[in-house]
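**Q** no FASTA, just this:
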């Protein structure tokens, strides 16, 4: 039998992408990218990481979640608290904060996921929506427990530790990890649950275990993204993690294509650049048309390509060798 | 005790407005299995139509409600034809995304200065507010109107769905599109009618909301819309009496949480109940258990 994973053009693509990102980093160091553009680029990366998490939950495992922003928020607040507690840790403060954010988001996802992942499709969506709402209310009342979290007024004074390099490295790692996960046996188990949970059970897949696994990993990615977000904008407001933010991530995942890493990356970057880009491109007189144009673009994309930009397809270099066309 | 009853009345008032919105959600979900996220914004448009009818065109209050209902019905049908109908055979998530798109579009388009404008507007009261005292509980004429209009509309809807031929067709289509089509029912028209009726009810709800909580803006529909949708799920989505029951429960729970626990926890109480109900009775309070087909 042939070995499944051979080193193919995938590595070359990775090298090219890393080179491109390093080039961008070089431009930033050379001072050729203004801080505003840098922030947008970082934000695009954050959005991609978070959306990859939701794609694992919804796109691959088929578990409809409308509460992704809650886990994003949990990660953001946790990591912000951690870096607050560790002021002298310099370089290690951010990674520790991110790990803590991911862990807390993962643990909460596990605890909430065990009961509610029994629900199916729309009902699961509504339960996660409810969870997101409750978390939002808790963020708004957070100052009653931790004064520094600021409650409805928002949390201020977070160190700006997120740099383009951090975001780029973590985003690339997230893509590689997710790609290796979804093409592994575990990934096939997740996809089989999406296609038909009953049939998956019948061939011996422990659906509760795999659904929870997918959900927890996806939410941990959201937690990491939240941590990066917190240290990018240095200010957290509960409104940044409300229902509408969960919807934003859902839009990105569906527009990109459910069950396509490449699609999520394209749609995530495109979404961040489109929304912010319109701010620059549109003259100030018609600035308020920005949010009118955006939903129209959404509707048109869905009417033209109802399966999303990439469908379930991937760029060739993301596929294992025996999935590629010969 | 009187304080409790007083708050119960206030909660019921909120619940009845939610009920009018929830009916549209539940009917649309029942017939095309779509969470119509734009519904809350149709409610907002209804509130604005009522506003203009009362403040600018000086129409009497009952006519204002009719204007809002007709306007919203047309809007509802238009949205269905343009944004949902082309996607009826696509995966369900696609029409959910266009629903979100339509919702955002309505919010931001109406925020433009030449449409409704992005600011808050004070809602005109078409008549003086009077309060009546009954065994220590005060009820205002506004509350009586909210209860009255909502009850009349709900009874009318129930009669329409259960007693008319179109209502029968609606129930048939919600049961099975293809079989209904084979029985000679024009499925497309029935779906359009369902959207129209749901939107009309939301329009009436918007006007009632406007006179009861007299401040409106283009984003006012988001939270009531979400809560009404949750209410529909709570009662058992697709079931008309369920939506009414769920909405009344939502309104009362929200009000009681606000006055007895904390106003900042208001939204959490209702959603906590939702999650518990979903875990215990996933198909909602009045929902039937569905068997999984193998």
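**A** Thanks, I have the structure now. All values derive from a computational prediction rather than experimental measurement.

**Q** burial measure for residue A:207, as a count.
**A** Using other Cβ atoms under 10 Å in any protein chain shown, residue A:207 is surrounded by 18 other residues. Yep, even glycine has a C-beta here, placed from its N, CA and C like the rest.

**Q** quick one: pLDDT of residue B:290?
**A** For residue B:290, the pLDDT comes out at 61.

**Q** then residue A:325?
**A** pLDDT, read off for residue A:325, is 58.

**Q** equivalent analysis for residue A:317, please.
**A** For residue A:317, the model assigns a pLDDT of 76.

**Q** same thing with residue A:1?
**A** pLDDT for residue A:1: 43.

**Q** next: residue A:8.
**A** We have a pLDDT of 54 for residue A:8.

**Q** all helices for chain B, in order.
**A** Along chain B, the segments classed as helices by DSSP state H run B:2-32, B:39-55, B:61-79, B:92-111, B:141-163, B:165-175, B:177-182, B:187-212, B:222-235, B:240-256, B:266-280.

**Q** distance to chain A and mean neighbour count added to the ones you listed, as JSON lines?
**A** Converted to JSON lines, the helices of chain B look like this (distance: least, Cβ to the nearest Cβ, whole Å; neighbours: other Cβ atoms under 10 Å in any protein chain shown):
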{"stretch": "helix B:2-32", "distance to chain A": "8", "mean neighbour count": "23"}
{"stretch": "helix B:39-55", "distance to chain A": "11", "mean neighbour count": "26"}
{"stretch": "helix B:61-79", "distance to chain A": "10", "mean neighbour count": "21"}
{"stretch": "helix B:92-111", "distance to chain A": "4", "mean neighbour count": "22"}
{"stretch": "helix B:141-163", "distance to chain A": "22", "mean neighbour count": "16"}
{"stretch": "helix B:165-175", "distance to chain A": "15", "mean neighbour count": "17"}
{"stretch": "helix B:177-182", "distance to chain A": "18", "mean neighbour count": "14"}
{"stretch": "helix B:187-212", "distance to chain A": "16", "mean neighbour count": "26"}
{"stretch": "helix B:222-235", "distance to chain A": "5", "mean neighbour count": "27"}
{"stretch": "helix B:240-256", "distance to chain A": "12", "mean neighbour count": "24"}
{"stretch": "helix B:266-280", "distance to chain A": "4", "mean neighbour count": "20"}
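
**Q** mean pLDDT and distance to residue A:240 added to the ones you listed, as CSV?
**A** CSV is the format used below for the helices of chain B (pLDDT from 0 to 100; distance: least, Cβ to Cβ, whole Å):
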stretch, mean pLDDT, distance to residue A:240
helix B:2-32, 91, 27
helix B:39-55, 95, 21
helix B:61-79, 95, 29
helix B:92-111, 92, 17
helix B:141-163, 93, 35
helix B:165-175, 92, 39
helix B:177-182, 92, 41
helix B:187-212, 94, 27
helix B:222-235, 90, 16
helix B:240-256, 91, 24
helix B:266-280, 84, 17
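
**Q** would you reformat the ones you listed as a markdown table and include distance to residue B:124?
**A** What follows is these, written out as a markdown table (distance: least, Cβ to Cβ, whole Å):
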| stretch | distance to residue B:124 |
| --- | --- |
| helix B:2-32 | 18 |
| helix B:39-55 | 5 |
| helix B:61-79 | 10 |
| helix B:92-111 | 18 |
| helix B:141-163 | 13 |
| helix B:165-175 | 35 |
| helix B:177-182 | 44 |
| helix B:187-212 | 8 |
| helix B:222-235 | 20 |
| helix B:240-256 | 24 |
| helix B:266-280 | 27 |
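
**Q** to residue A:306, which of those lies closest?
**A** Closest to residue A:306 of the helices of chain B, according to Cβ to Cβ: helix B:92-111, at 4.0 Å.

**Q** same for the closest one, what does it pack against?
**A** Here helix B:92-111 touches helix A:243-256, helix A:290-304, helix B:39-55, going by 3 or more Cβ pairs under 8 Å, 6 or more residues apart in numbering or on different chains; DSSP states H and E.

**Q** now tabulate those helices in TSV and tack on distance to residue B:77.
**A** Listed next are the helices and strands packed on helix B:92-111 as TSV, based on distance: least, Cβ to Cβ, whole Å:
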stretch	distance to residue B:77
helix A:243-256	25
helix A:290-304	17
helix B:39-55	11
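
**Q** sorry, back to before: for the helices of chain B, which one sits closest to residue A:58?
**A** helix B:92-111 (8.5 Å).

**Q** mean confidence for stretch A:149-163?
**A** Rounded mean pLDDT across stretch A:149-163 is 86.

**Q** buried ones in that stretch, by neighbour count?
**A** For stretch A:149-163, a neighbour-count test (16 or more other Cβ atoms under 10 Å in any protein chain shown) marks A:149-151, A:154-155, A:158, A:161-163 as buried.

**Q** ok, which pair from those is furthest apart?
**A** Among the buried residues of stretch A:149-163, the pair separated by the greatest distance (Cβ to Cβ) is A:151 and A:163, at 29.0 Å.

**Q** still on that earlier bit, with respect to residue B:273, which of the helices and strands packed on helix B:92-111 lies nearest?
**A** So among the helices and strands packed on helix B:92-111, helix A:243-256 is nearest, using Cβ to Cβ, at 17.4 Å.

**Q** and the closest one, how far from the chain's centre?
**A** Helix A:243-256 sits 10 Å away from the centroid of its parent chain (Cα atoms, centre = their mean, to the nearest Å).

**Q** how about the closest residue to residue A:279 other than its chain neighbours, what does it touch?
**A** Nearest residue to residue A:279, sequence neighbours excluded (Cβ to Cβ, 6 or more residues apart in numbering or on different chains): residue A:290, at 6.3 Å. Residue A:290 sits next to A:275, A:278-279, A:282 when contact means Cβ atoms under 8 Å, 6 or more residues apart in numbering or on different chains.

**Q** and what of residue B:259?
**A** Here residue B:259 is in contact with residue B:7 (Cβ under 8 Å, 6+ apart).

**Q** next one: residue A:44
**A** Contacts of residue A:44 by Cβ under 8 Å, 6+ apart are A:268-269, A:272-273.

**Q** and residue A:262, by the same measure?
**A** Here residue A:262 is in contact with A:256, A:310, A:313-315, A:318 (Cβ under 8 Å, 6+ apart).

**Q** separate out the buried members of those residues.
**A** Among the contacts of residue A:262, those classed as buried by 16+ other Cβ under 10 Å are A:256, A:310, A:313-314, A:318.

**Q** need the worst-confidence member of these.
**A** Out of these, that is residue A:318, at 79.
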